[in-house]
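Student: Below: sequence and its predicted model.
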Amino acid sequence: MFAVEAIKLAKTFQTRQGPVKAVRNVSFAVAPGEIFGILGPNGAGKSTTILMLTTLLRSTTGSAKILGLDVDKDDAAVRNKIGVALQETGIDEVLTGKELVQSTGRLWGLSQSKASERSAELLSLVGLTDAADRRVKTYSGGMKRRLDLALSLIHQPQILFLDEPTTGLDPGSRRVLWNEIIRLRNEGVTIILTTQYLEEADALADRIAIIDNGVVELEGTPDALKASIGGDVILFSFETKEIAKRAGDSITNSEVTGRELRTTVNNGPQSIPNLFSILQANNIEAVAVSSSRPTLDDVFLKVTGHKLEAVKVHENDDLGNHGGV
Ligand SMILES: Nc1ncnc2c1ncn2[C@@H]1O[C@H](COP(=O)(O)OP(=O)(O)O)[C@@H](O)[C@H]1O
Ligand SMILES: [Mg+2]
């Protein structure tokens, strides 16, 4: 049985400006114990997909199953099995970390003493023991995301959904969360996480679905996705966008973004002289050229036709910054 199965999920929001097709066609299956990454830019439909999978939003068409349970028909049973840390959290920042975790434990039906025990355990798990008695509004972005994670783990879910758990975090806090996520997976928790960071998907996910415009365009292990490009990626840089565009017109099977041109060839080092002579024949001068093995960046560009421009990572995220959510 799959831990999570999305079958042709679609969601159209009716707005005053007309219908918005947030999710058009999302299908994938996640095996128990996997970390599954949903990679895509802002507005791709990641959060809407997570909301539907976690019973918080009804799909317009399609269906989803969690451990074989239908998210619409068996929503209460599904909620018992899953933990969710949403991108937009409504956590009460006036409370202390400990108070929040304890009261959430009470909501899940734990006795006062059990809730207190579990709270200490979880806060220590995410490294917040020292901050347990501080109000959440004094926490940094990274600390808040770790608290979100602790809250989502209270009822010991088998499946964890994390919507952009590290967006806006500095690299240090991001690494702490990555380690937490990997540790949870090693304990047997299935994890579905969304991200707009290629490196994050590459580093964490056993398998990745690339989503753009509400559609899963490609799915597979990071290595399989890179291998699907085949050969080497040649990257040319030019002085101006206009020159790059002219180069794109003369080199077949190339993608131009800004002042750069990418093309995939069987053997990079061997093909470069040939490509240079094509440019020369068209009176085009390159500023730089390189050959490399394909990255997820190249995969994303190939399947969607555009680059993944992730939001900038916040710097100086240590003092009361909202962590970009
Ligand atoms: N409640 C809503 N009403 C109308 N449009 C929405 C709503 N939620 C999301 N959208 C739109 O649907 C698209 C996908 O949004 P979302 O799922 O939040 O993407 P992501 O999480 O990948 O950034 C966006 O164009 C967004 O503006
Ligand atoms: Mg989102």
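Tutor: Done, it's in. Ligands and ions are numbered 1, 2, ... in the order given.
Student: do stretch 29-44 and ligand 1 meet at all?
Tutor: Yes. Counting by C-beta under 6 Å from any ligand atom, contacts between stretch 29-44 and ligand 1 involve 40, 42, 43, 44. All C-beta spots, glycine's among them, are computed from the backbone N, C-alpha and C.
Student: could you flag which of these are buried?
Tutor: Buried members of the residues of stretch 29-44 next to ligand 1, counted by 16 or more other C-beta atoms under 10 Å: 40, 44.
Student: Please, which helix or strand holds residue 99?
Tutor: helix 97-107 (DSSP states H and E).
Student: so who does residue 127 touch?
Tutor: Residue 127 makes contacts with 146, 176, as judged by C-beta atoms under 8 Å, 6 or more residues apart in numbering.
Student: Would it be right to say that it lies in a strand?
Tutor: No. Counting by DSSP: H, G, I helix; E, B strand; the rest coil, one finds residue 127 to be coil, located in no strand.
Student: now it: how far from ligand 2?
Tutor: Here residue 127 is placed at a distance of 25 Å from ligand 2 (C-beta to the ion, to the nearest Å).
Student: Most remote residue from the middle of the protein, which is it?
Tutor: Relative to the mean C-alpha coordinate of the chain, counting by C-alpha atoms, centre = their mean, the farthest residue is residue 281 (43.4 Å).
Student: How about that residue, nearest residue that isn't a chain neighbour?
Tutor: Spatial nearest neighbour of residue 281, chain neighbours left out: residue 250 (7.8 Å); criterion: C-beta to C-beta, 6 or more residues apart in numbering.
Student: Beta-bridge partners for the residue nearest to residue 152 when sequence neighbours are not counted, please?
Tutor: In space, and not counting its chain neighbours, residue 152 is closest to residue 83: 3.7 Å by C-beta to C-beta, 6+ apart. Beta bridges link residue 83 to residue 160, judged by DSSP bridges.
Student: tell me the contacts of residue 83?
Tutor: 152, 153, 154, 155, 157, 159, 160, 161.
Student: one more time with 10 Å, if that's ok
Tutor: Residue 83 is in contact with 54, 148-162, 184, 189, 191, counting by C-beta atoms under 10 Å, 6 or more residues apart in numbering.
Student: Would you map the helices across this structure?
Tutor: 46-53, 75-81, 97-107, 112-125, 141-152, 171-186, 198-204, 222-229, 241-250, 268-281, 296-304 (DSSP state H).
Student: would JSON lines of those with distance to ligand 2 and mean pLDDT be doable?
Tutor: Shown next, in JSON lines, are the helices of the chain (distance: least, C-beta to the ion, whole Å; pLDDT from 0 to 100):
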{"stretch": "helix 46-53", "distance to ligand 2": "3", "mean pLDDT": "97"}
{"stretch": "helix 75-81", "distance to ligand 2": "20", "mean pLDDT": "96"}
{"stretch": "helix 97-107", "distance to ligand 2": "22", "mean pLDDT": "94"}
{"stretch": "helix 112-125", "distance to ligand 2": "25", "mean pLDDT": "95"}
{"stretch": "helix 141-152", "distance to ligand 2": "14", "mean pLDDT": "92"}
{"stretch": "helix 171-186", "distance to ligand 2": "17", "mean pLDDT": "91"}
{"stretch": "helix 198-204", "distance to ligand 2": "14", "mean pLDDT": "93"}
{"stretch": "helix 222-229", "distance to ligand 2": "21", "mean pLDDT": "88"}
{"stretch": "helix 241-250", "distance to ligand 2": "30", "mean pLDDT": "96"}
{"stretch": "helix 268-281", "distance to ligand 2": "36", "mean pLDDT": "92"}
{"stretch": "helix 296-304", "distance to ligand 2": "17", "mean pLDDT": "88"}
